[in-house]
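[1] I would like to see how this sequence folds:
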Amino acid sequence: MLDVAVIDSPGAAEASLDPVRARLLAALAEPGSATSLAARTGLTRQKVNYHLHALEQHGLVELVEERRKGNCTERILQATASSYVISPAALADVAPDPDRARDEGSARWMLALAARLIHEVGQLLAGATAARKRLATFAIDSEIRFATAADRAAFAGELSDAVTALVARYHDETATGGRPHRLVIALHPSLKPPDAGTNQQRRPSPPEPGLTEES
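    Down below sits the predicted model:
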């Protein structure tokens, strides 16, 4: 089972978004049969089998083993991943294009970059998995608390200058056998934690003075 799998098929995306099938996918983090899933979910075995067939058809669950029980064969299935991300390729006609309107200060452009990242890394990961090779990637995740909006702007400027200098130092357009790599860096306000003792979802922090908020 993979930690994360990228869904790029419209049919698989539709199957995964069905509430009942999403419950079955979550339940199949551990191997199970239609009978055991029916007992856990309160659904009939026939209904579970119907949904499992759809999930298996789209590669979201896979057969682990078959067990003989009297005159019957019990199929044991497991989800192909513990979590899934839907690629913009599943909505190819309306997928965002970050090259359409470049704007480093736009949150929507950041979302377009993130969508492209999911699509491209998903394709690369699928190819590497099929070839049984490791995909060379690198990521940093950090959180910074700025005292003022001016500090945030200064940080963004210094970061941009540092990255530009590093790119200029290491980029070699004429390198024989060299391979291009995409670099994406994002900076955005962190979500507030939910209020203690409530089930309230996280909500964005209000914009700081001097920062723009898109409508």
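[2] residues in contact with Ala5?
    80-81, 83-85 (CB atoms under 8 Å, 6 or more residues apart in numbering). In this view, the C-beta of every residue, glycine as well, is placed from N, C-alpha and C.
[3] Kindly indicate whether it is helix, strand or coil.
    strand (DSSP: H, G, I helix; E, B strand; the rest coil).
[4] Can we start the residue count at 45 from this point?
    Fine by me, first position is 45 from now on; the one you just mentioned is Ala49.
[5] Distance of it relative to Ser131?
    Ala49 sits 10 Å away from Ser131, taking CB to CB, to the nearest Å as the criterion.
[6] same check, this time on Pro140
    As judged by CB to CB, Pro140 and Ser131 stand 12 Å apart.
[7] Could you list the domains of the protein?
    46-128, 138-248 (automatic domain parsing).
[8] Just send those back as a markdown table, with mean pLDDT too.
    Converted to a markdown table, the domains of the chain look like this (pLDDT from 0 to 100):
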| stretch | mean pLDDT |
| --- | --- |
| domain 46-128 | 94 |
| domain 138-248 | 90 |
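[9] Mean neighbour count, the ones you listed: which tops it?
    Mean neighbour count (mean count of other CB atoms under 10 Å) peaks for domain 46-128 among those, with a mean of 16.
[10] How far away from the center of its chain is it?
    In terms of CA atoms, centre = their mean, to the nearest Å, the centre of domain 46-128 is found 20 Å from the chain centre.
[11] Any idea how far apart the tips of that domain sit?
    Its start and end residues considered, domain 46-128 measures 9 Å (CA to CA, to the nearest Å).
[12] Stretch 145-158 too?
    15 Å.
[13] and the gap between the residue nearest the centre of the chain and Ala197?
    Central residue of the chain (CA atoms, centre = their mean): Val129, 3.5 Å from the mean position. Look at Val129 and Ala197: by CB to CB, they are 32 Å apart.
[14] for Lys177, same thing?
    42 Å.
[15] how far is the lengthiest helix in the chain from where the chain is centred?
    Counting residues, the longest helix found in the chain (DSSP state H) is helix 151-174. Distance of helix 151-174 from its chain centroid, counting by CA atoms, centre = their mean, is 9 Å.
[16] The residue nearest to the centre of the chain sits in which helix or strand?
    According to DSSP states H and E, Val129 maps onto strand 125-130.
[17] For that strand, which outside residues touch it?
    Contacts for strand 125-130 (CB under 8 Å, 6+ apart): 45-51, 57, 60-61, 69, 73, 104, 162, 166.
[18] Would you give the sheet partners of that strand, along with the direction of each?
    strand 46-51 (parallel) (DSSP bridges).
[19] the inter-axis angle of the partner strand versus helix 151-174?
    Relative orientation of strand 46-51 versus helix 151-174 (axes from the mean of the first three to the mean of the last three CA atoms, to 10 degrees): 110 degrees.
[20] just checking, next helix/strand downstream of strand 46-51?
    Per DSSP H and E, the first helix or strand lying C-terminal to strand 46-51 is helix 54-61.
[21] what's that following helix packed up against?
    Packing contacts for helix 54-61, counted by 3 or more CB pairs under 8 Å, 6 or more residues apart in numbering; DSSP states H and E, involve helix 63-71, helix 89-101, strand 125-130.
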